[in-house]
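[1] for reference, the sequence and a predicted model appear below.
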Amino acid sequence: MLNRFHFFLFCSITMMPACQRPPISSANDLEPTYRAMQAVYDAFTAAYKQADPAAVASLYTEDAYYLEPGRPIFSGRDSIKANFSPFLSRFEPGKGPNITFEIIERQLSGRQGYDIGYYLFDGKRSGKFIVLWQQLPNGEWKIRADGYSYLNP
């Protein structure tokens, strides 16, 4: 009986490291990723200001999804570009809408993550969104899925 106990104790001690959770990344470890994601939001803001649907669509993965209220799901970068075109074509380059983003929560796990937050037009909360992120093999972060809804005035 003592041998079984020692065997169990030995297995428990030697297997313990394999069962532990990986260390949680510190904010410093994630800072390059946060900067890369912010650069995408900044590029989105600039593309809106330039009324450039191709630049907006380039921020999404080739096979991304775009979920707009009351519409079917748009799939693929070309479809997403076509969806942004009618809206942004109403503006002259450099005079497009001023959109910014307020992140409420961000979670990352490996090469994927999500943001939940508000989008703002001219500094005013206009709607809420969820963005799913994917890191490409080249290290670049792109939007894999994007869904939003409006806020009631």
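    Here it is on my side, so go on.

[2] going forward, measure contacts and count neighbours with C-alpha atoms only.
    Will do.

[3] show the average pLDDT along the host helix or strand of residue 81.
    If you go by DSSP states H and E, residue 81 is part of helix 77-88. Mean pLDDT, helix 77-88: 97.

[4] center of the chain - which residue?
    residue 133 (3.4 Å; Cα atoms, centre = their mean).

[5] starting at the chain centroid, how far to the helix or strand following the helix holding residue 81?
    Reading on from helix 77-88 to the C-terminus, the next helix or strand found by DSSP H and E is strand 99-109. In terms of Cα atoms, centre = their mean, to the nearest Å, the centre of strand 99-109 is found 7 Å from the chain centre.

[6] adjacent strands (with direction) for strand 99-109?
    strand 112-121 (antiparallel) (DSSP bridges).

[7] for the very next helix or strand once past the strand it pairs with, buried residues please.
    Later in the chain than strand 112-121, the nearest helix or strand by DSSP H and E is strand 124-135. Buried residues in strand 124-135, counted by 16 or more other Cα atoms under 10 Å: 125, 126, 127, 128, 129, 130, 131, 132, 133, 134, 135.
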